[in-house]
Each structure stands twice: as structure tokens, then as C-alpha cells.
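1. make a model of this:
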Amino acid sequence: MGTNPFNFPRLADMQEFARFEKFLQNVLWDEGDEDAQHSTNGGKQMEIHRVKGLVYIGDPYRVIQGVRKTYDVIEGVQEMSEIKLSESRLVVIGKYIDQERISSTFTEFMGFPLASWQ
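-> Have a look, this model is predicted:
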């Protein structure tokens, strides 16, 4: 079991956030499909147990909380000045996480690459 956080730029608007949700759904719902597997994780199927994130959409932000194949999006309520994060971040918790596959899927849906894996 491992924790895999990655950063990405603030999203410009709700249209970009809709693309982000499509990315998230693809990763969560297809994570065990054999067709979606790459050799970078030793041929083992990804098992995503949790996702947590903070996604900036301009200045406001949304909080992502997910367990297995379900997730919720909650409007952020904490003051922006209290948050010590300049980029959006998503944390993927599970087994056999294929960072290469997640990165390429993110770029495919968003049109720009992840800023970094932590």
C-alpha cells in the first residue's frame, strides 16, 4: 500500500474541472481493467483504495474525497490564506499505482501534463 500525491496547475474554469472529473472517473473506474494496464507496475492491476485532493478552480477550490470507485466533490470552506498550497494536489492511495498511466491519462484528458509527483 502506498501514497502517491501529485500536483498540477490551478484550473481556469468549470469546463476544465469537468475534464478533471472525467480524468478522475477514468482512473477510478478503469483502474482494474486489464486493457488499461502497462508494464510499469509489474503487470499487476492497480488497486485504488482512496483519493483525496484539493483542486483550485481560479481562486475558489474544491475538495475531493473518494473511496474505491466513488468520490465526492465538496466546496472548500477554509480561508484561502490558511492553505499553504499554490497548486492543485491529488493523493492516490492504494497498491500497484501506475504513475506513468495516471500521468498519461491526465495529459490526455486535461491537455497539459502533471506538474510533479511528490
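2. CA atoms for contacts and neighbours, from now on please.
-> OK.
3. which residues does residue 94 contact?
-> 1, 2, 3, 46, 47, 48, 49, 50 (Cα atoms under 8 Å, 6 or more residues apart in numbering).
4. and of these, the nearest to residue 115?
-> residue 3 (17.2 Å; Cα to Cα).
5. what values do phi and psi take at that closest one?
-> phi -110, psi 130 (degrees, to the nearest 10).
6. neighbours around it, how many?
-> Around residue 3 there are 14 other residues, counting by other Cα atoms under 10 Å.
7. nearest residue to it in space, please, no chain neighbours.
-> residue 93 (4.6 Å; Cα to Cα, 6 or more residues apart in numbering).
8. buried residues of the helix or strand encompassing the one you found, list them for me.
-> Residue 93 is part of strand 88-95 when elements are defined by DSSP states H and E. Neighbour counts over strand 88-95 (16 or more other Cα atoms under 10 Å) mark 88, 89, 90, 91, 92, 93, 94, 95 as buried.
9. and the helix or strand just after that strand, what does it pack onto?
-> Sequence-wise, the next helix or strand downstream of strand 88-95 (DSSP H and E) is helix 99-110. Helix 99-110 sits against helix 14-30, with contacts defined as 3 or more Cα pairs under 8 Å, 6 or more residues apart in numbering; DSSP states H and E.
10. check contacts around residue 115.
-> Contacts of residue 115 (Cα under 8 Å, 6+ apart): 6, 7, 8, 9.
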